[in-house]
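[1] Next come a sequence and a model predicted from it.
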Amino acid sequence: MKSGFLFLILAFSLSTLSAAERNVIFFITDDESPTLGCYGDPVAVTPAIDEIAADGTLFLNAFATTASCSASRSVVMSGLHNHLNGQYGHQHSYHKFESFKNVASLSLPRVMANAGYRTGHIGKYHVAPEQVYRYENYFKANSRNAVEMADKVKDFITADDEKPFFLYFGTSDPHRGGGNDKTSKLELKANLFGNKPNKESFPGVDEVFYDPAKVTIPHFLTDTPETREELVQYYQSCSRIDRGVGRLMKILKESGQWEKTLFVFTSDHGMAFAGGKTTVYEGGLRVPFVVRNPYEENRGVKHNGMISHVDITPSLLDFAGGLNPKSNAPNQMVDAKKFWKDFPEVAKDNLGPAIKKYHGKSWISILGKPDAEHWPSIFASHTFHEIQMYYPMRVIRDKEYKLIWNIAHGLPYPFASDLWAASSFQAQFQKSLDAPYGQKTVGEYINRPKFEFYKIGEDPHEASNLASDPAYAEKLAEYQEKLKEFQKKMKDPWVMKWDYE
C-alpha cells in the first residue's frame, strides 16, 4: 500500500516536471462590462477573477475596437481593425460577413500553431472563414456553463506533451438569452441572461443570486425596477463565469501548470443593455482586462495605460516567442497566396488587401509597469451588428477628449433585436421620447447628432456634448483631422464620407 502511494506521488511529480512551459489560456466572455470585484464593483461576487487580478495586472483602460460580438472577435483573433480584416458584422446566417482570406497570415490560432503550440478552442466562435481562424482541436460543452467547459478541456490542458498549449475559451454568458423571468411581478419582465428559470442551477455550478435593491446602476442606464431586475440576471450570469474561471485555476494548479500559464481574461465588449453593446459609448467599448503572467515579477498591478483589443494577438504571440518586434509580424509569416493554393476552389478568389503586420502592439513588456504608456489614443468603429442595422460610427479617444462621428446621423439609431426588447429600455421608451435614459433622453439616444465631442477626462459619463460649443471648435477640428488620418491609414471605405456627405 505504501509503495503504491509513493509510486503515485512520483508519477505526479514527473508529469508536473514534464509539463511544457509558457502555456496560454485566453478567456473571453460575451457582453460583459468591468462589473467585477477587482474593478471596485461592491456587489459583484467574482473571487476567482479577483484572485488573478491580485496576482497579475488589471488594466483600468482597456477598450474593444467595436461593440459587436462577431466584428469584435475578428479583431481579437487577427490583431487587425475591421477595416483591414474585412469582417464588419455578424458572420452567421443571412448576415454573412467574414474576414478576408489574407488574414490567414496573421490569425491568432494559426500563428500560435506556427510558434509551436497545440491549439484548442471551446465555446463561442463567431468568426469566419474557418480556414482563416482554424484551431487544431475543438471541444464541445454548454457554453452557458463555464464549469462544464473547464472540465471538458481538462485532458487538453493536462496532456503529457512537450508542446505548450494555447486554449481559446469563449463563454456565451452573460449574453442575453433563455427567455424572460416569468416569476417577475412587473409587466415588462427581465431577460434571464442565460440563467435557468426559477433560480435553478446549472450542473456543477454554485450559482450566486443577487438582490435587486443592491445592484450597481451603470451611468448609461436609468434606475428603474425594470433595470434592477435585469441587472440581477446579468450579475448572476457573470458570477457563473467566475465559477468556471475558478475551475480552470484548480485544474492548472493541480496539474502543475499554474506557474507555467499566461491567463488572460476579457470580454468582447460591454454589457448587453442599450447604451452599452452596439454603441461606441464607454458602456460599449470599456471591457474588463486581467492578465496574470507567471514569469512577471511585479504582480498586483493596476495599470493606467490604454490598451485595445487589437493588441491581443500580437501580445499572445509575443509571449509565445513568435513575434518579430521589428516587423510587428510573426517570425514565421505565412504567405497567404501560397497557403490558399492548397484550396483550389478558393485560390482564384479575391483574397483581400495585402497585410504585412499587426495594427496592435504587444503589452507583455508593460505588465509590471503600472504607469507605462501603451497607446496615446485608441480608435474604435461600428458599422453593422445585424446586417439590417446599418449605422457606421468612428471614434478617436485619448485620456483627455473623445470624438464620435455618427456617419449615419440622419437615420434613427437601429437597435439589436434583443436590446430593443429589453425591459430596461422599453420601460423608458414606452413613457415618451422625453423620458430619461442614462445621461440622455430616449429621443436623444435614438436621434444622434453628426458629432459628439466629450472632454472625457473630466466627463467620463459622456454627459455634455461639446461639439457645438464655439469654445471647443478648434479642438474639435484637431480631433476630426486625427480621425480622418487614421481612417486613411486603415483604408476605411467610409473615409469618403468626409467629402461626399
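    Yep, that arrived. Numbering: from 1, shown residues only.
[2] End to end on stretch 408-422, go ahead and measure it.
    24 Å (CA to CA, to the nearest Å).
[3] Need the residues that contact it.
    The set of residues external to stretch 408-422 that reach it, using CB atoms under 8 Å, 6 or more residues apart in numbering, is 176-177, 191, 230, 272-274, 277-278, 385-386, 388-393, 425-426, 445-450. To be clear about C-beta, it is placed using only N, CA and C from the backbone, and glycine gets the same treatment.
[4] tell me which residues in that stretch are buried?
    Buried residues in stretch 408-422, counting neighbours by 16 or more other CB atoms under 10 Å, are found at 408, 409, 413, 414, 415, 416, 418, 419, 422.
[5] Write the ChimeraX selection for whichever of the contacts of stretch 408-422 are buried.
    Per 16+ other CB under 10 Å, the buried members of the contacts of stretch 408-422 correspond to this ChimeraX selection:
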select :176,177,191,230,272,273,274,277,278,385,386,389,391,392,393,425,445,446,448
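[6] Among the contacts of stretch 408-422, which are located in strands?
    residue 393 (DSSP state E).
[7] for residue 264, helix, strand, or coil?
    Here residue 264 takes the strand state, with states given by DSSP: H, G, I helix; E, B strand; the rest coil.
[8] mind checking how far residue 208 is from residue 266?
    According to CB to CB, to the nearest Å, residue 208 and residue 266 sit 21 Å apart.
[9] Mind checking which of those two has more residues around it?
    Neighbours per residue (other CB atoms under 10 Å) separate residue 208 from residue 266, with residue 266 holding more: 23 against 16.
[10] Local confidence estimate at the more buried one?
    For residue 266, the pLDDT comes out at 98.
[11] give me the beta-bridge partners of it?
    Under the criterion DSSP bridges, residue 266 forms beta bridges with residue 28, residue 289.
[12] ok now do it, which residues does it touch?
    Listed by CB under 8 Å, 6+ apart, the contact partners of residue 266 are 27, 28, 29, 62, 287, 288, 289, 290, 309, 312.
[13] Over to residue 220?
    Counting by CB under 8 Å, 6+ apart, residue 220 touches 273, 275, 276, 281, 282, 283, 438, 439, 461.
[14] Just the buried residues of those residues.
    When the contacts of residue 220 are checked for burial by 16+ other CB under 10 Å, the buried set is 273, 275, 276, 281, 282, 283, 438, 439.
[15] with these in mind, which one is nearest to residue 168?
    residue 276 (23.6 Å; CB to CB).
[16] right, and the closest one touches residue 270 too?
    Yes - Residue 276 is within contact range of residue 270, at 4.0 Å (criterion: CB atoms under 8 Å).
[17] any low-confidence regions in this structure?
    Where the chain drops to pLDDT under 70, the residues are 1-19, 89-91, 95, 347-348.
[18] let's see 50
    1-18 (pLDDT under 50).
[19] chain center to the longest helix along it, what's the gap?
    Across the chain, the helix with the greatest residue count (assigned by DSSP state H) is helix 225-254. Helix 225-254 sits 16 Å away from the centroid of its parent chain (CA atoms, centre = their mean, to the nearest Å).
[20] buried ones in it?
    Neighbour counts over helix 225-254 (16+ other CB under 10 Å) mark 225-249, 251-252 as buried.
[21] and it, what other elements does it pack with?
    Secondary-structure packing of helix 225-254 (3 or more CB pairs under 8 Å, 6 or more residues apart in numbering; DSSP states H and E): strand 23-29, helix 47-54, helix 146-152, helix 154-158, strand 261-267, helix 423-429.
[22] coming back round to it: tell me the residues that contact both of residue 276 and residue 270, please.
    Any residue near both residue 276 and residue 270 by CB under 8 Å, 6+ apart counts here, and that gives 31, 33, 67, 283, 284.
[23] so can I have TSV of the residues you listed showing secondary structure?
    Shown next, in TSV, are those (three-state DSSP):
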residue	secondary structure
31	coil
33	coil
67	coil
283	helix
284	helix
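[24] For residue 181, state which of those is nearest.
    In terms of CB to CB, no member of the shared contacts of residue 276 and residue 270 lies closer to residue 181 than residue 31, at 17.7 Å.
[25] Tell me who's in contact with residue 113.
    Residues near residue 113 by CB under 8 Å, 6+ apart: 119, 136, 166.
[26] Quick check: buried residues in whatever helix or strand it lives in?
    Applying DSSP states H and E as the criterion places residue 113 in helix 108-114. Within helix 108-114, the residues that qualify as buried are 108, 109, 110, 111, 112, 113, 114, counting by 16+ other CB under 10 Å.
[27] what's the third one in contact with, if anything?
    Taking CB under 8 Å, 6+ apart, we find residue 110 in contact with 104, 132, 133, 134, 334.
[28] How about the fifth one?
    For residue 112, the set of contacting residues under the criterion of CB under 8 Å, 6+ apart consists of 24, 119, 166, 316, 317, 320, 322.
[29] Next one: the second one from residue 257, what distance?
    With the distance defined as CB to CB, residue 119 ends up 16 Å from residue 257.
[30] Check the third one too.
    Taking CB to CB as the measure, residue 166 falls 13 Å from residue 257.
[31] Common neighbours of the two, please.
    Shared contacts of residue 166 and residue 257, defined by CB under 8 Å, 6+ apart, comprise residue 23.
[32] Between these two, which is the more surrounded one?
    Taking other CB under 10 Å, residue 166 and residue 257 do not tie; residue 166 has more neighbours (29 against 21).
[33] Which element, helix or strand, includes that one?
    Here residue 166 sits within strand 165-170, counting by DSSP H and E.
[34] Just the CA trace of that strand, in PDB.
    Extracted C-alpha coordinates of strand 165-170, given in PDB (Å, rounded to 0.1, in the frame of the first residue of the first chain):
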ATOM      1  CA  PHE A 165      -0.900  24.700 -25.200                       C
ATOM      2  CA  PHE A 166      -2.900  27.600 -26.300                       C
ATOM      3  CA  LEU A 167      -6.600  27.500 -25.300                       C
ATOM      4  CA  TYR A 168      -9.300  29.900 -26.500                       C
ATOM      5  CA  PHE A 169     -12.100  29.700 -24.000                       C
ATOM      6  CA  GLY A 170     -15.300  31.600 -25.000                       C
END
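[35] List the neighbouring strands of it plus their orientation.
    Using DSSP bridges, the strands paired with strand 165-170 are strand 23-29 (parallel), strand 118-123 (parallel).
[36] tell me the most buried of those?
    Highest mean neighbour count of the strands paired with strand 165-170: strand 23-29, a mean of 24 (counted as mean count of other CB atoms under 10 Å).
[37] The stretch 301-450 of the chain: strands as residue ranges?
    Here the stretch 301-450 of the chain has its strands, by DSSP state E, counting those that start in this stretch, at 301-308, 323-324, 329-330, 378-382, 393-397, 402-406, 436-437, 440-441.
[38] so can I have CSV of these showing distance to residue 198?
    Formatted as CSV, the strands of the stretch 301-450 of the chain follow (distance: least, CB to CB, whole Å):
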stretch, distance to residue 198
strand 301-308, 39
strand 323-324, 49
strand 329-330, 50
strand 378-382, 37
strand 393-397, 40
strand 402-406, 42
strand 436-437, 30
strand 440-441, 36
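[39] which of the ones you listed sits most buried?
    Compared across these, strand 378-382 shows the largest average neighbour count, a mean of 26 (mean count of other CB under 10 Å).
[40] for it, packing partners?
    strand 301-308, strand 393-397.
[41] can you tell me which residues contact residue 259?
    The neighbours of residue 259, taking CB under 8 Å, 6+ apart as the test, are residue 294.
[42] hang on, the earlier thing: between the helices and strands packed on helix 225-254, which one is closest to residue 302.
    When these are compared by CB to CB, helix 47-54 sits nearest residue 302, at 8.4 Å.
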